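Enquirer: predicted model, plus sequence, below.
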Amino acid sequence: MSLVQRDYIERMIEQAVQAIGQILELVRAGDLDPAMIVVHRTRDLVLGPMRPVLERVDVASAVDLVGKYELDRLRMFAALLGEEGAIHELRGKSARAEACYRHALELYAAVSLAGARLKAADWERIVLLQPKVEAGTIDSRYREELGRLAGQAAPSQDGGAGIVAT
């Protein structure tokens, strides 16, 4: 990967992290519609023109499509799916929330299995999301990896994972 590509991805990640902070503030203030708008705009930024495809394919295909050098895009997508799920949960749409949570968890596992290095905040999100999804509904290819990743999480003192507690 070129230096320019890496710099672009690092800036995109920083923008996504800032957006997640903004989403958290909006949700805590009860502004769910603006929070969802930020989720969608940030997803556009993170996934770019591949968004429609990446939202519809299974996670293994998504990993293949983005390639090994841009797996951070899928890490950010997984984080955004977690936030979207929290918003749906707060709105009382539990089935939609669980679908977002499951997709996020499977993305984290697939990205990890493809060789990406997850961060502490990713591990914390996995720990927060797992109880929100029936274990049997997660693709069997990813269950063991999720357990391994969750075992790496240290308890967060400040809720640093970013997901709004619901």
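Expert: Nice, I can see it. Residues are numbered from 1 along each chain as shown.

Enquirer: residue ranges with poor pLDDT in this structure?
Expert: Counting by pLDDT under 70, the chain contains low-confidence ranges at 1-6, 155-166.

Enquirer: so where do the helices sit in it?
Expert: With DSSP state H applied, the chain shows helices at 3-28, 32-47, 51-56, 59-66, 71-90, 94-113, 120-129, 140-150, listed in chain order.

Enquirer: pick the most deeply packed of the ones you listed.
Expert: Neighbour counts averaged per stretch over the helices of the chain are highest for helix 71-90, at a mean of 24; criterion: mean count of other CB atoms under 10 Å. Glycine gets a C-beta too; all of them are placed from N, C-alpha and C.

Enquirer: angle of it against helix 120-129?
Expert: Counting by axes from the mean of the first three to the mean of the last three CA atoms, to 10 degrees, helix 71-90 points 30 degrees away from the direction of helix 120-129.

Enquirer: ok now helix 71-90, how far from the chain's centre?
Expert: Taking CA atoms, centre = their mean, to the nearest Å, one finds helix 71-90 lying 4 Å from the centre of the chain it belongs to.

Enquirer: that helix - contacts with which helices or strands?
Expert: Applying 3 or more CB pairs under 8 Å, 6 or more residues apart in numbering; DSSP states H and E, one finds that helix 71-90 contacts helix 3-28, helix 32-47, helix 59-66, helix 94-113, helix 120-129.

Enquirer: between it and helix 3-28, how many degrees?
Expert: Relative orientation of helix 71-90 and helix 3-28, computed by the same axes, to 10 degrees: 10 degrees.
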